[in-house]
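**Student:** no sequence on hand, only this structure:
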Ligand code: ADP
C-alpha cells in the first residue's frame, strides 16, 4: 500500500506538470488588459495566474518529496560550505521580507558538511522562509549554525512571530498539515515544507525539534552528527 501511495503521488505530480506548464505559458503571453469584451478578464487572468503558480509549486514540492523518499544518504554528498550557503539564504530571506524583519546570523565558519547541497538548501530555506512568513513585520529572526559538544553541529532558527499552539506541534511535519488554512493559503503555503525538511533530516540521521509559544515565537532546530561534518576545503 505504501509503495502504491508513493508511486501514485510520483505519477500524478509528473503528469500534472506538462498541462500546467502549457496553461501558465499561455497566461503569461496574454496580457491581463487585452480582452476588452470580457469585463471579468483582468480578475480572471489574475486568479488563473496565481492559482496555476500555486499548483506548479505544489507539484514541484510533491516531486521533491518523491525524490527524497528514494534518496540515499551519501548519493550526492560533497564537502559543502554551509556558512556561505546560510549567508546566501539570509540575503534571500531579507528580500522575501522586503526588509521588514531583522534577520541575524551567528555561524561558525569552520563547520562545513558532507552533504547534498541542494537538500541542505531546501531544509534551511524552508525553515528560514517560514520564520519570515509567520512573523509580522518588525519581528526578529535569529539563525545559528554552531558546533555542539559532541563534535557535530546544531542549527537553529528562532523567531518572535505568531507562534504555534501546543496541540499542533507534533503534527506539523505531516504532509499537507497547515494550522490556519485561510492564512497559509494567503501566504502561498502548501503544508508540504516541513515534511520535506523532516525527510531531508532523516537522510542525515537527524530530526526536527520544534518549540513554540503562541504570540511569543518559535524555534526550529536540528543537530547534525559529527560524521557529516568536515573541515573547510582550501580554495
Ligand atoms: P506551509 O507551506 O503551509 O508553510 P509548512 O509545512 O512549511 O507548510 O508549515 C506547516 C505549518 O506550520 C504552517 O502552515 C504554519 O502554520 C506553521 N509554521 C511553520 N513555521 C512556522 C513559524 N516559524 N511560526 C509559526 N508557524 C509556523
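**Tutor:** That came through, no problem. Here the structure is a predicted model, which is why all the values come from computation and not from measurement.
**Student:** for residue 53, which non-adjacent residue is spatially closest?
**Tutor:** Leaving aside its sequence neighbours, residue 53 sits nearest to residue 24 (C-beta to C-beta, 6 or more residues apart in numbering; 7.1 Å). For glycine as for every other residue, the C-beta is placed from the backbone atoms N, C-alpha and C.
**Student:** list the contacts for that neighbour?
**Tutor:** 49, 52, 53, 56 (C-beta atoms under 8 Å, 6 or more residues apart in numbering).
**Student:** any idea how far the second one is from the ligand?
**Tutor:** In this case it means residue 52. 17 Å (C-beta to the nearest ligand atom, to the nearest Å).
**Student:** try the first one
**Tutor:** Shown here: residue 49 relative to the ligand, a distance of 19 Å by C-beta to the nearest ligand atom.
**Student:** go on, the last one?
**Tutor:** Between residue 56 and the ligand the distance is 14 Å, computed by C-beta to the nearest ligand atom.
**Student:** quick check, pLDDT for residue 174.
**Tutor:** We have a pLDDT of 88 for residue 174.
**Student:** circling back: could you dump the contacts of residue 24 into CSV and include neighbour count?
**Tutor:** As requested, the contacts of residue 24 are exported to CSV (neighbours: other C-beta atoms under 10 Å):
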residue, neighbour count
49, 16
52, 20
53, 14
56, 16
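**Student:** how about CSV for the residues you listed, with secondary structure and distance to residue 208 added?
**Tutor:** CSV is the format used below for the contacts of residue 24 (DSSP: H, G, I helix; E, B strand; the rest coil; distance: C-beta to C-beta, whole Å):
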residue, secondary structure, distance to residue 208
49, helix, 33
52, helix, 31
53, helix, 27
56, helix, 26
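**Student:** how about those residues in CSV, adding pLDDT?
**Tutor:** Putting those into CSV (pLDDT from 0 to 100) gives the following:
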residue, pLDDT
49, 87
52, 87
53, 86
56, 87
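**Student:** show me the two of these that sit farthest apart.
**Tutor:** For these, with distances taken as C-beta to C-beta, the pair at the greatest spread is 49 and 56 (10.7 Å).
**Student:** now name the helix or strand holding the residue nearest to residue 53.
**Tutor:** Secondary structure assigned from DSSP states H and E places residue 24 in helix 2-29.
**Student:** related to what we said a few turns ago, take the contacts of residue 24 and lay them out in CSV including distance to residue 169.
**Tutor:** As requested, these are exported to CSV (distance: C-beta to C-beta, whole Å):
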residue, distance to residue 169
49, 35
52, 33
53, 30
56, 30
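**Student:** sounds good, over and out.
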